[in-house]
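Trainee: This is a predicted model, with the sequence first.
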Amino acid sequence: MIIYNVTVGVDKEIEREWLTWMKGEHIPKVMKSGMFHDSKMYKILGHDDPATSSYSIQYFAESIGNVEEYLASHAPALIREHQLKYKDRHVAFRTLLEEVV
């Protein structure tokens, strides 16, 4: 299993709005791509910056091929939409994880 992990730091002033948008719009659009079979969102604890909150959004794929297709065909538009909506009110970075069995 491959996990596409997106870590986002978001200004606390817009945190509630951002969470509503992520849960109601963004994550459903990612899942609609058909490249992932599940997703989970976690709040990162012990974050040191009092002005921001951090979250990890994890998307679970059966293969690296699914993630590569998502990144090539779906991610650019969705990432751009997020950037335009929240401009300088967030920072995001992405990592790929492989399950070790």
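Mentor: Sure thing, it's come through. Numbers count the residues shown, from 1 in each chain.
Trainee: helices or strands up against the longest helix belonging to the chain?
Mentor: Using DSSP state H, we find that the single longest helix of the chain is helix 75-86. In this structure, helix 75-86 makes packing contacts with strand 90-98, judged by 3 or more C-beta pairs under 8 Å, 6 or more residues apart in numbering; DSSP states H and E. Heads up, the C-betas are built off the backbone N, CA and C, glycines and all.
Trainee: how about 10 Å then?
Mentor: Here helix 75-86 touches strand 2-11, helix 15-21, helix 27-32, helix 64-73, strand 90-98, going by 3 or more C-beta pairs under 10 Å, 6 or more residues apart in numbering; DSSP states H and E.
Trainee: Distance to residue 82, mean pLDDT and mean neighbour count added to those, as JSON lines?
Mentor: Compiled in JSON lines, the helices and strands packed on helix 75-86 are given as follows (distance: least, C-beta to C-beta, whole Å; pLDDT from 0 to 100; neighbours: other C-beta atoms under 10 Å):
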{"stretch": "strand 2-11", "distance to residue 82": "8", "mean pLDDT": "97", "mean neighbour count": "19"}
{"stretch": "helix 15-21", "distance to residue 82": "9", "mean pLDDT": "97", "mean neighbour count": "14"}
{"stretch": "helix 27-32", "distance to residue 82": "10", "mean pLDDT": "98", "mean neighbour count": "14"}
{"stretch": "helix 64-73", "distance to residue 82": "15", "mean pLDDT": "97", "mean neighbour count": "15"}
{"stretch": "strand 90-98", "distance to residue 82": "7", "mean pLDDT": "94", "mean neighbour count": "13"}
